[in-house]
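Q: sharing a sequence plus its predicted fold:
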Amino acid sequence: MKYAAMNINFDSLGEAYGFPEGYRDPSFFEVADRLMEIADRYDFKYSIYIIAKDLEKPENRAAVRRWAEAGHEIGSHTYHHPPHLSAMSRAELSEELGRAHGLIAETVGEAPKGFIAPVWSTSAAVLETLIGLGYEYDTSSFPSWLMYPSLAKITANHIGDARMWRFMRRKDYGYFLAGSRTPYLTNGSLFGRDFDPEAPHLTVLPLPTTSTRMACWHTLAFIMDWRRYERILKSCLQSLDAFYYLLHPADMVDASDLEPGRTLHLERLDVPLATKVAYLERAIEHILSDGRKIVTMRELAARAHEALI
């Protein structure tokens, strides 16, 4: 039996708007309902990585609690969603990650075991902080050259936004080409060097990439022609055992979900909802036709850990 996981990197509309007061965020309601309907239809559970600041709103907390009660895994995506996490000091990381960890645990009744960094910005200090908090796995590794043009595009999209330069402050630029394409165990090293299985450690599950380090995640389906993207998806399914498929709420946002008069710097917002649903269904059908059972990321990481230890 082969396995896969379906992940939602829950970059909310509220975060994109700067966490405005009094804003009802459809990411947690209408958008999430579309994603959950697909999960119910195909009978699988998501792994959902939450920006903990969103949980300050009671209605968002209640939604996340319902997802957990329904069997979906809830992981951490930091507290404030800082895109320069790899440039933060250990004290800053302790505050940022620890605060998120505590609020998510309080919300769903158990501590999160999985983590993904904003814009995949990681460092040895990030990994060591996660290990200290008791995380079992991290999925912040982006071992692909595609991050270089992606960062340039993200920065250009945020021209005039006070947050623009934070995207470029990261310190892990060399990791995109040198990072492992396959899972590894680490005590804190970005490359798993000098690994000691007797010491506290976690499993790192890199974003799926092809042999030429072309990254595969759902957003890319809207940036390139579907047929080209489909070849990338099939290549990753054929070559990787620990495969997971990464989504964002924007992948299921409809024009009616957007706040009039507010500017958003996100790709794919002008794509019709019917097309978005069709793309996700196609991707899931490819995963299932590869003979894979869809499990949570925590289970996928546990299987990878067992194979590596």
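A: That came through, no problem.

Q: how about residue 184, what does it touch?
A: When contacts are counted by C-beta atoms under 8 Å, 6 or more residues apart in numbering, residue 184 touches 191-192, 195, 203-204, 308. C-betas here are computed from N, CA, C, even on glycine.

Q: what's the PyMOL line that selects buried ones from the residues you listed?
A: Under the burial definition 16 or more other C-beta atoms under 10 Å, those of the contacts of residue 184 that qualify are selected in PyMOL by:
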select buried, resi 192+195+203+204
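
Q: closest one to residue 75 out of the contacts of residue 184, please.
A: residue 203 (13.2 Å; C-beta to C-beta).

Q: which neighbouring elements make contact with the longest helix anywhere in the chain?
A: For the chain, the helix with the greatest residue count under DSSP state H is helix 90-108. Here helix 90-108 touches helix 58-69, strand 73-76, helix 124-133, going by 3 or more C-beta pairs under 8 Å, 6 or more residues apart in numbering; DSSP states H and E.

Q: among the contacts of residue 184, which are located in strands?
A: 203-204 (DSSP state E).

Q: lowest-confidence entry in the contacts of residue 184?
A: pLDDT is lowest at residue 192 among the contacts of residue 184; the value there is 85.

Q: can you list the low-confidence ranges for the stretch 151-300 of the chain?
A: 158, 160-164 (pLDDT under 70).

Q: would you map the helices across it?
A: 175-178, 220-223, 226-239, 273-289, 297-308 (DSSP state H, counting those that start in this stretch).

Q: for residue 115, which of those helices is the nearest?
A: helix 297-308 (10.2 Å).

Q: nearest to residue 268, of the contacts of residue 184?
A: Closest to residue 268, out of all of these and judged by C-beta to C-beta, is residue 204, at 28.0 Å.

Q: okay, and the beta partners of the closest one?
A: residue 138, residue 184 (DSSP bridges).

Q: low-confidence stretches in the stretch 1-150 of the chain?
A: In the stretch 1-150 of the chain, no residues with pLDDT under 70.

Q: biggest strand in this structure, by residue count?
A: strand 2-10.

Q: so residue 78 is in which element?
A: Element membership for residue 78 (DSSP states H and E) is empty, with no helix or strand holding it.

Q: can you give me the buried ones in the longest strand of the chain?
A: Neighbour-count burial for strand 2-10 [16+ other C-beta under 10 Å]: 3-10.

Q: go on, stretch 264-275?
A: Buried residues in stretch 264-275, defined by neighbour count with 16+ other C-beta under 10 Å: 265-268, 271.
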